[in-house]
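*Asks:* Take a look and give me a structure for this.
(one chain, ligands or ions: 1)
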Amino acid sequence: MVYKIFIRPVLFLFDAETIHNFVLNFFSKAKFLYPLLKIIYAPQTRSGVIISKLKFTNRLGLAAGFDKNGIAIRFWEALGFSHVEVGTVTPLPQSGNDKPRIFRLKKDEAIINRLGFNNKGADEIKKNILKAKKYTGTDFIIGVNIGKNKNTAIKDAVSDYRICFEKLYDAADYFTINISSPNTEGLRMLHEEEYLDNLLREIQTLNKEISKSKSSSLKCIFLKIAPDLNDNILESIYKLTKKSNLTGIIATNTTVERMNLKTNITEQGGLSGKPLKLISDRILKRLFEMNPDNSLILTGVGGVFTRTDFDDKISSGASLVQIYTGLIYEDPGIIKKILRDNIN
Ligand SMILES: Cc1cc2nc3c(=O)[nH]c(=O)nc-3n(C[C@H](O)[C@H](O)[C@H](O)COP(=O)(O)O)c2cc1C
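*Replies:* Numbering: from 1, shown residues only. Below you'll find the model as predicted:
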């Protein structure tokens with residue numbers, strides 16, 4: 001309540017990206033606050049799940065794109081998330097699209113963004129994660145979401161994903177192959193079988209090679225997909241993901257659809273938040289139907305603002321749930337509120 005009445009209106013006076021970076025930077029440095037935040041925000045029930053060898057202390061994580069460079073990892077742990085997905089990381093640093101590129105749709109409790117994978121590149125992000133890992137608990141999971149640089153042609157995309165995978169192998173608890181940002185030209189073509197089959201096979205082969213050379217177990221790999229897909233393509237994605245023995249699918253990224261919006265806006269980019277909920281739930285449900293033996297782990301993301309939204313994702317087949325836009329519109333207490341009761 002205090003956040004919505006007093007703090008949010010002030011934050012919303014500023015440009016969305018400027019205030020996002022300001023708050024993120026502040027909390028990345030305010031380490032003295034972490035013990036207090038843990039006391040205030042730590043969820044009372046810690047009903048978690050084990051996926052391969054990864055122990056998630058609860059089922060809620062921070063979605064990719066919020067902390068692209070992994071500068072505030074310890075802050076996310078203090079707020080009570082079981083995991084954070086850093087990135088999207090590209091091999092080389094890049095500045096992304098021209099500003100302004102994040103737009104609030106207040107009446108819809110939504111965001112449109114066209115950031116375009118602005119990030120500090122694989123080398124620096126690896127350093128940030130390894131630094132944070134000295135302090136985070138062994139049961140705080142750090143995923144790394146990987147993508148391709150803007151200037152890499154789609155036919156060469158595999159090599160960018162390989163570079164990121166190799167460079168960040170020691171830093172990542174799991175990887176997410178992101179083929180679904182609408183803000184990198186041509187990226188969503190990677191959903192097509194002719195590209196996806198090869199991409200998933202190459203990354204899984206690399207996974208086996210590196211794991212063997214390090215005598216470690218295979219890294220968990222998820223595929224993050226778009227919400228704007230028909231059933232045929234969804235089925236093909238499901239089959240290819242299974243064929244390559246990936247860990248699971250994250251459904252979904254932002255949508256390029258603009259259905260039933262209250263806000264009159266023509267900005268290009270990916271839409272997230274409340275209007276995405278039904279669209280991403282539909283994709284999750286379809287995947288759940290294709291996955292009766294639970295051989296793929298499903299992660300639900302898109303439009304989670306409340307405990308009910310979270311429960312919808314779980315009952316639609318998600319083992320894990322992630323949140324982004326809900327955290328902008330609600331206060332950080334949302335994590336505790338969502339996780340307050342037993343889930344199992
Ligand atoms: C400003 C912004 C930046 C994002 N950047 C990324 C990104 O770099 N990589 C990615 O996989 N998803 C990215 N996303 C998508 C989110 O991870 C998430 O899939 C999407 O916003 C839907 O969840 P939500 O409705 O809870 O926000 C971004 C979303 C927003 C709003």
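*Asks:* Smallest gap between the stretch 101-250 of the chain and the ligand, at which residue?
*Replies:* Asn113 (3.6 Å; CB to the nearest ligand atom). Glycine gets a C-beta too; all of them are placed from N, C-alpha and C.
*Asks:* Nearest spatial neighbour of that residue, chain-adjacent residues omitted?
*Replies:* The shortest distance from Asn113 to any residue other than its chain neighbours is 4.7 Å, reached at Ile102 (CB to CB, 6 or more residues apart in numbering).
*Asks:* next one: Gly333
*Replies:* Gly333 sits nearest to Tyr41 (CB to CB, 6+ apart), 6.6 Å away.
*Asks:* show me the contacts for that neighbour.
*Replies:* 78-80, 332-333, 335-336 (CB atoms under 8 Å, 6 or more residues apart in numbering).
*Asks:* ok, 6 Å please
*Replies:* Tyr41 is in contact with 79-80, 332, 336, counting by CB atoms under 6 Å, 6 or more residues apart in numbering.
*Asks:* Adding neighbour count, write those residues out as CSV.
*Replies:* Converted to CSV, these look like this (neighbours: other CB atoms under 10 Å):
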residue, neighbour count
Leu79, 24
Gly80, 24
Pro332, 18
Lys336, 17
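*Asks:* which parts of the longest helix that the chain contains are buried?
*Replies:* In the chain, taking DSSP state H as the definition, the longest helix is helix 193-213. For helix 193-213, a neighbour-count test (16 or more other CB atoms under 10 Å) marks 195-196, 199-200, 202-204, 206-207, 210 as buried.
*Asks:* Give me the sheet partners of the helix or strand following that helix and which way each runs.
*Replies:* Sequence-wise, the next helix or strand downstream of helix 193-213 (DSSP states H and E) is strand 220-225. In the sheet, strand 220-225 lines up against strand 174-178 (parallel), strand 248-251 (parallel) (DSSP bridges).
*Asks:* Strand 220-225 and the ligand in contact?
*Replies:* Yes: Strand 220-225 is in contact with the ligand by CB under 6 Å from any ligand atom, via Lys224.
*Asks:* do you know how far Lys219 is from Leu54?
*Replies:* Using CB to CB, to the nearest Å, Lys219 is found at 10 Å from Leu54.
*Asks:* So for the two, which sits in the more crowded spot?
*Replies:* The neighbour comparison of Lys219 against Leu54 (other CB atoms under 10 Å) goes to Lys219, with 23 against 19.
*Asks:* Who are the contact partners of Cys164?
*Replies:* Taking CB under 6 Å, 6+ apart, one finds 89, 91, 122, 146 in contact with Cys164.
*Asks:* For these, give me a markdown table that also has secondary structure, pLDDT and neighbour count.
*Replies:* Output for those, formatted as a markdown table (DSSP: H, G, I helix; E, B strand; the rest coil; pLDDT from 0 to 100; neighbours: other CB atoms under 10 Å):
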| residue | secondary structure | pLDDT | neighbour count |
| --- | --- | --- | --- |
| Val89 | strand | 98 | 33 |
| Pro91 | coil | 98 | 21 |
| Ala122 | helix | 98 | 24 |
| Ile146 | strand | 98 | 30 |
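*Asks:* Perfect, that will be all.
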